[in-house]
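Engineer: I would like to see how this sequence folds:
(2 chains)
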Amino acid sequence: MIRIENVSKAYPTRKGWRKVLTDVSMEVRKGEKVGILGLNGSGKSTLIRLIGGAELPSNGTIHRGMKVSWPLAFNGGYQGSLTGLDNLKFVCRLYGADYGQCLPFVEEFSELGPYLDEEVKKYSTGMYARLAFALSMAVDFDCFLIDEILAVGDIRFQHRCLIELFEKRKDRSMIMVSHNEHLIREHADRGAVLVGGRLHHFEKISDAIAFHSEYISRAKTMLL
Amino acid sequence: MSGKMAEKEIFAMDQTSMWRALQINGRVIAALLMREIITRFGRHNFGVLWVFLDPMIFTVGVTILWNCFERHVPVKINITAFAYTGYSTVMLWRNAAMRCGKALEPNYALLFHRNVRVVDLLYSRVILEIAGATMSTLVIGVVLVATGLIEPPKDLLMMVSGWVLLMWFTFGLGMVVGALSERWDWFERIYHPAMYFYLPISGAFFLVDWFKNPIRGWVLWLPTVHVTEMIRHGYFGDSVHTYEDPGYLCLLCLITLFIGLLFVKETQYRIGHQ
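Structural biologist: You can find the predicted model right below:
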C-alpha cells in the first residue's frame, strides 16, 4: 500500500516560496487504479514526482509499501546523450533487471528498430514516449506512475499501452494524472481532482469528472 | 483493512536493511559509472582508456618539462621522481574537483529515479576521476622504475597511505565544489582561477623543507601539502626531510567531507523543477 499523509510541497521562486501542493493525503492499495484529474499547473506532475520519490515533500510523509515505478512523463528519467539501448542498460543496472531478458520486449514494443541505437535526443516525442513506456514495462513494478504520457502517442500506441497496463498487468496498482477525462473514466477505479494544489477525493469516478467539468466551466466563465 | 495491519505492512516495507541499502547504492553508482564512461568517452577509438591516458599525458608532460629546467631546483634531487610524486597528486584532486563543477545540471533527468541522489551523481564522477588518476599514477610509476629513470620507492606503504588520504580529501572537495557550483553560478568562475592560483602552493612544486619559518608554518596549513610531503617521505625515505602530520590531514579530510556532504544534502532538498 502507498500512503500519502499531509504532504505539502513548495518551491522557491524569484518572488518567494510558491506552494504547489497543500496538505495532500491519499492511499493506494495493491491493484487499485487511481485517476487524478487536474488542469495545467494544478500540481499533478509534482504529486507524481513526490510519489515516485524523485523529489522530497516539504512537509508530510509518503510510505511506499510496494515497488513504485519512476514517473512516466515527457521529461526526465532518460539521458538524451545516450542511445535508447544505453538507456535500457542504465535502467536495468539501476533496478537490478536482466538486460538480455528485457531487450526483446523493448525492441518489440518500442518499434524503434535501428533508432534504438541512436541518441535519445534525436527522437521525436512519439518515439520518446514509446521508449519510455517500453523501458518502464521492462522492469517489474507493483505500481506505475503515469503522467500524461499516454496522451502523446497515436491511437495504435495508446491501444498497445492499454493492453500492457490494463490487461497484462491488471493486478498492479496505477496512479494516473491527466487532464483527459475520458482516460480516467475508462481506466480508473477511483478518482480525485487536484485544484490549486488541494486534492479532492470522490467515491465515484463520475463524481470526480463532474466536479472537474464544473471547475473547468467556471474557469472558462472567469476568463470571459 | 484494520489500522494495525496497515501499520505493520508499512513498517515491514519501509525498513530497508542497511545491507540492502548498501546493495542498492552500489548498483546505482555502478550504473552511473557506466553511463558516465559512455557519455564522456564514447565507444570509439581508445574509449575508456582516456580515463587514465588523460592525466597520464599531463603528468608525463610536466615531468619532461621540469627535466628541462632542472638547475632551478635548489637541492640535489631526482627531478623526474620529484615531478612524478608531485604532479600526479594534482591530477587527482584538481580533475575530480573540475568534474564535479556543474555536474548536476546535465544529470537532472536521472534524478527521476528515486534511488539516484545528488550525492550518487557526484560520487560516480569522483570515483571515475580517482580510478583514472590512480591508474595513470600506477602505470607511470611502474614504467619509470622499470626503465631505471627513478629508483623504487623506499616505503611504498607510506606512499599509498598518502594517496589514500588524498582520495579521501578529494571526495570532500568534490562534494563541496559540486554543491556550491549548483548553488551559485559565479562559484564556477571563482574556483577555476582559485585552483589555478592554489597550484603553486599546493605542495606539488616544493618540499616544505625548502622554506624557512614563517612561510613553512603557513604552507603547513594546507591539506595537499601534507599529502605531497607524506608521499615524498614514502618515496625518498630519509634522504629528504618532510613535515607531514597525518593526524592533522585526517582531521582536514574529515571536516571537508562533512561540510561537503552537508552542502550536498542541502542541494538535494533544494533542487526542484527541472
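Engineer: Give me the neighbour count for residue 86.
Structural biologist: Since no chain was named, I'll use chain A. 21 (other CB atoms under 10 Å in any protein chain shown). (Glycine included, C-beta is placed from N, CA and C.)
Engineer: Sorry, I should have been clearer: chain B.
Structural biologist: Other residues near B:Gly86 number 24, with proximity taken as other CB under 10 Å.
Engineer: Please list all residues in contact with it.
Structural biologist: B:Gly203, B:Ala204, B:Phe205, B:Thr228, B:Arg232 (CB atoms under 8 Å, 6 or more residues apart in numbering or on different chains).
Engineer: Output the helix or strand hosting it in PDB, but only the C-alpha positions, please.
Structural biologist: Here B:Gly86 sits within helix B:79-100, counting by DSSP states H and E. Extracted C-alpha coordinates of helix B:79-100, given in PDB (Å, rounded to 0.1, in the frame of the first residue of the first chain):
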ATOM      1  CA  ILE B  79      63.800  15.700 -10.800                       C
ATOM      2  CA  THR B  80      61.800  13.000 -12.500                       C
ATOM      3  CA  ALA B  81      60.800  11.400  -9.200                       C
ATOM      4  CA  PHE B  82      60.100  14.800  -7.800                       C
ATOM      5  CA  ALA B  83      57.800  15.900 -10.600                       C
ATOM      6  CA  TYR B  84      56.100  12.500 -10.600                       C
ATOM      7  CA  THR B  85      55.400  12.400  -6.900                       C
ATOM      8  CA  GLY B  86      54.100  16.000  -7.000                       C
ATOM      9  CA  TYR B  87      52.100  16.400 -10.200                       C
ATOM     10  CA  SER B  88      50.300  13.100 -10.000                       C
ATOM     11  CA  THR B  89      48.600  14.300  -6.800                       C
ATOM     12  CA  VAL B  90      47.500  17.500  -8.600                       C
ATOM     13  CA  MET B  91      45.900  15.400 -11.300                       C
ATOM     14  CA  LEU B  92      43.800  13.700  -8.700                       C
ATOM     15  CA  TRP B  93      42.300  16.500  -6.700                       C
ATOM     16  CA  ARG B  94      42.200  19.000  -9.500                       C
ATOM     17  CA  ASN B  95      40.500  16.800 -12.100                       C
ATOM     18  CA  ALA B  96      37.900  15.500  -9.600                       C
ATOM     19  CA  ALA B  97      37.100  19.000  -8.400                       C
ATOM     20  CA  MET B  98      36.700  20.200 -12.000                       C
ATOM     21  CA  ARG B  99      34.500  17.300 -13.000                       C
ATOM     22  CA  CYS B 100      32.200  18.000 -10.100                       C
END
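Engineer: if you look at whichever helix or strand comes after it, does any of it touch chain A?
Structural biologist: Using DSSP H and E, the helix or strand that follows helix B:79-100 in sequence is helix B:118-146. No - applying CB under 8 Å from any CB of the partner chain, one finds helix B:118-146 separated from chain A by no less than 10.2 Å.
Engineer: Can you list the helices and strands that helix B:118-146 packs against?
Structural biologist: helix B:18-41, helix B:50-68, helix B:79-100, helix B:156-183, helix B:246-270 (3 or more CB pairs under 8 Å, 6 or more residues apart in numbering or on different chains; DSSP states H and E).
Engineer: Quick check: which of these is nearest to A:Ala138?
Structural biologist: helix B:18-41 (14.6 Å; CB to CB).
Engineer: Report the angle between the closest one and helix B:118-146.
Structural biologist: 70 degrees (axes from the mean of the first three to the mean of the last three CA atoms, to 10 degrees).
Engineer: what angle do helix B:18-41 and helix B:50-68 make?
Structural biologist: Going by the same axes, to 10 degrees, helix B:18-41 makes 70 degrees with helix B:50-68.
Engineer: Contacts (any at all) between chain A and helix B:18-41?
Structural biologist: Yes - against chain A, helix B:18-41 shows contacts by CB under 8 Å from any CB at B:Arg27, B:Val28, B:Ala30, B:Ala31, B:Met34, B:Arg35, B:Ile38, B:Thr39.
Engineer: Now do the same contact list for the closest residue to the third one other than its chain neighbours.
Structural biologist: Spelled out, that is B:Ala30. The shortest distance from B:Ala30 to any non-neighbouring residue, by CB to CB, 6 or more residues apart in numbering or on different chains, is to A:Arg93 (6.2 Å). A:Arg93 is in contact with B:Arg27, B:Ala30, B:Ala31, B:Met34, counting by CB under 8 Å, 6+ apart.
Engineer: Which residue in those has the weakest pLDDT?
Structural biologist: Checked by pLDDT, these have B:Met34 as the lowest-scoring entry (87).
Engineer: Can you report how many residues lie near it?
Structural biologist: Applying other CB under 10 Å, we find 16 other residues in the vicinity of B:Met34.
Engineer: Let me see the ranges of the strands in chain A.
Structural biologist: A:2-13, A:16-28, A:33-38, A:59-64, A:68-72, A:143-147, A:173-178, A:190-195, A:198-202 (DSSP state E).
Engineer: And the residue nearest the centre of chain A?
Structural biologist: Centroid-nearest residue in chain A, with CA atoms, centre = their mean: A:Ile146, separated by 1.9 Å.
Engineer: which other residues reach stretch B:135-152?
Structural biologist: B:51-56, B:59-60, B:78, B:80-81, B:84, B:88, B:91-92, B:163.
Engineer: now with 6 Å?
Structural biologist: B:Phe52, B:Pro55, B:Met56, B:Thr59, B:Asn78, B:Thr80, B:Ala81, B:Ser88 (CB atoms under 6 Å, 6 or more residues apart in numbering or on different chains).
Engineer: Can you tell me which of these has the most neighbours?
Structural biologist: Most surrounded of these: other CB under 10 Å gives B:Ser88, at 27 neighbours.
Engineer: is it true that that one touches B:Val60?
Structural biologist: No - the criterion here is CB atoms under 6 Å, and B:Ser88 misses it with B:Val60 at 10.2 Å.
Engineer: Tell me how many other residues surround residue 203.
Structural biologist: You didn't say which chain, so I picked chain A. A:Glu203 has 9 nearby residues by other CB under 10 Å.
Engineer: my bad, the chain I had in mind was chain B
Structural biologist: 26.
Engineer: Can you read off the pLDDT for it?
Structural biologist: 89.
Engineer: Does it touch B:Thr224 like I think?
Structural biologist: Yes - between B:Gly203 and B:Thr224 a contact is recorded at 5.0 Å, counting by CB under 6 Å.
Engineer: which one of the residues of helix B:18-41 next to chain A is nearest chain A?
Structural biologist: B:Ala31 (3.5 Å; CB to the nearest CB).
Engineer: neighbours around the closest one, how many?
Structural biologist: Neighbours around B:Ala31, by other CB under 10 Å: 24.
Engineer: what sits against it?
Structural biologist: Contacts of B:Ala31 by CB under 6 Å, 6+ apart are A:Phe90, A:Arg93, A:Leu94.
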